[in-house]
Every structure is written in C-alpha cells, then in structure tokens.
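[1] This is a predicted model, with the sequence first.
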Amino acid sequence: MKPLHATALAIALATPAVAETYHFDQGHTEIRFYYNHAGLTEQSGEWTAVAGTVEFDPENVTATSADITIDASSVETGWGPLNDHLKSSDFFDIETFPEIRFVSTSAVQTGSSTLRMIGDLTIKDQTKPAALEIDLTFMGAHPLASFFDYYKGEWVGVEASSQLLRSDYGVGMFAPGTSDMVDLKISAEMRAGGWE
C-alpha cells in the first residue's frame, strides 16, 4: 500500500514529509455522540473541551499516535437537566472522574487517505480497547492563513468515527431501552506545533 501522501488530497508538497505534532483547534473540533432514545428518536450530544496531541507523518502512517483528553464536564446536549444527569454518578460521575482519555496503541493505513487507530479508551474507571476509523480530509496550509495569523502554519483536517457499548464503560443506565450502542463522530482541525 502506498504511503498516505498529501497528493492523495490533491495537495502538492514541495518538501519531503516529516513527522509533526498536531494540536487541536478548540473552536473547530467536535466530539459528538449519537444514540437511540427508547426507540422513539435519534438523539445526540457533544463534549466541547478537548486537549492533547497527534503525532503524524504521512510517509509513515503506522507510526501515527494520539493522546487525547476530554473534559467530562463539558458534555452538552442542549438541555440543562439532561446535562446535569449525564454529569452525575448515574453516568459520567464528573466529580470523581473528571477526564475521558484515549491513548493510541497502534495505527494501520486502510486507504489512500484513511487509517484505523487502535487504542485504550478510559471512561470513569473502565479502560477498554477502541478503534477510530479516520479520514484525512485536508493537509497543508490553512485556506484562512492569509486573513488570520491564528491559521498560519501546517494543518490537517480529519473526520473520525467509532461505535462503543456504553455499558462497557460504566455508563449503561437505561440500556437497552435507550440504546447501549453509541456512535461517536469526531471532526477536528489541528495545527502543527500548536500556538505556543
């Protein structure tokens, strides 16, 4: 399989690719979850605070690694009482377990612009293996760099997805009446080197 080149995204690189440490753009990163509520409707929520880094070299995709931390208290459904319930000991118990963490253990290239990242996901006191299917949607200079200094530098854009059984992580209340299986969707823009 060919390396995951930026040319796969129709981006020409003038210099050889090297490994970079990418940091999340908080304003343009969404971690959303989707579930079925009692067979009536499809519902969703998101976490709005994420930190961490991704090491990525398009010439050596299998060396890709990630260490990502979510602030569990940043869960947002659009309705305050539901937010409060999700933060309580019935679900995420944010007072005892303030963070959700994913640490990758391996990566494999699955297509010209896709990869699968395997890692350990920790929610509350449960750590289980999880897989992220990742689509690299952009790599290069940000289109807004000429307008805002914030966007200068090298960027990547990714769309990622996973499916999890919430009962595996101690947040299975009301399952299976409310679906145990949860779809996870991540949209993220990341800048090489961050902003320091």
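    Arrived safely, thanks for sending.
[2] before we move on, which element is P81 in?
    Element membership for P81, per DSSP states H and E: helix 80-87.
[3] list the buried ones in that helix?
    Going by neighbour count (16 or more other C-beta atoms under 10 Å), the buried part of helix 80-87 is N83, L86, K87. For every residue, glycine as well, the C-beta is placed using N, CA and C.
[4] next SSE after that helix?
    Using DSSP H and E, the next helix or strand after helix 80-87 towards the C-terminus is strand 99-111.
[5] buried stuff in that following strand?
    For strand 99-111, using 16+ other C-beta under 10 Å, the buried residues are I100, R101, F102, S104, A107, Q109.
[6] What pLDDT does the model give A19?
    On the pLDDT scale, A19 is placed at 84.
[7] Skipping adjacent residues, who's closest to it in space?
    Leaving aside its chain neighbours, A19 sits nearest to D57 (3.7 Å; criterion: C-beta to C-beta, 6 or more residues apart in numbering).
[8] what's the neighbour count on that neighbour?
    D57: 15 surrounding residues under other C-beta atoms under 10 Å.
[9] now the one 10 residues further on
    Applying other C-beta under 10 Å, we find 14 other residues in the vicinity of D67.
[10] contacting residues around it?
    Going by C-beta atoms under 8 Å, 6 or more residues apart in numbering, D67 touches G52, T53, R101, F102, V103, S104.
[11] Find the helix or strand that it is a member of.
    strand 65-71.
[12] Can you list the helices and strands that the longest strand anywhere in the chain packs against?
    Looking across the chain with DSSP state E, the single longest strand is strand 20-37. On a contact count with 3 or more C-beta pairs under 8 Å, 6 or more residues apart in numbering; DSSP states H and E, strand 20-37 meets strand 41-47, strand 50-56, strand 181-192.
[13] and these as TSV, adding mean neighbour count?
    Formatted as TSV, the helices and strands packed on strand 20-37 follow (neighbours: other C-beta atoms under 10 Å):
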stretch	mean neighbour count
strand 41-47	15
strand 50-56	19
strand 181-192	18
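[14] Off-centre distance for stretch 71-79?
    Relative to its chain's centre, stretch 71-79 lies at 15 Å (C-alpha atoms, centre = their mean, to the nearest Å).
[15] Could you tell me the end-to-end distance of that stretch?
    Stretch 71-79 has an end-to-end distance of 18 Å (C-alpha to C-alpha, to the nearest Å).
[16] Would you mind listing the buried residues in that stretch?
    Neighbour counts using 16+ other C-beta under 10 Å place A72, S73, S74, V75 of stretch 71-79 among the buried residues.
[17] A145: which of these is nearest?
    Nearest to A145 out of the buried residues of stretch 71-79 is S74 (C-beta to C-beta; 28.0 Å).
[18] ok, the nearest residue to that closest one once chain neighbours are set aside - contacts?
    Sequence neighbours aside, A49 is the residue nearest to S74 in space, at 3.8 Å (criterion: C-beta to C-beta, 6+ apart). A49 makes contact with Q26, I70, D71, S73, S74, according to C-beta under 8 Å, 6+ apart.
[19] Pipe the residues you listed into TSV and attach pLDDT and distance to W195 per row.
    Shown next, in TSV, are the contacts of A49 (pLDDT from 0 to 100; distance: C-beta to C-beta, whole Å):
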residue	pLDDT	distance to W195
Q26	94	10
I70	98	20
D71	98	19
S73	98	23
S74	98	20
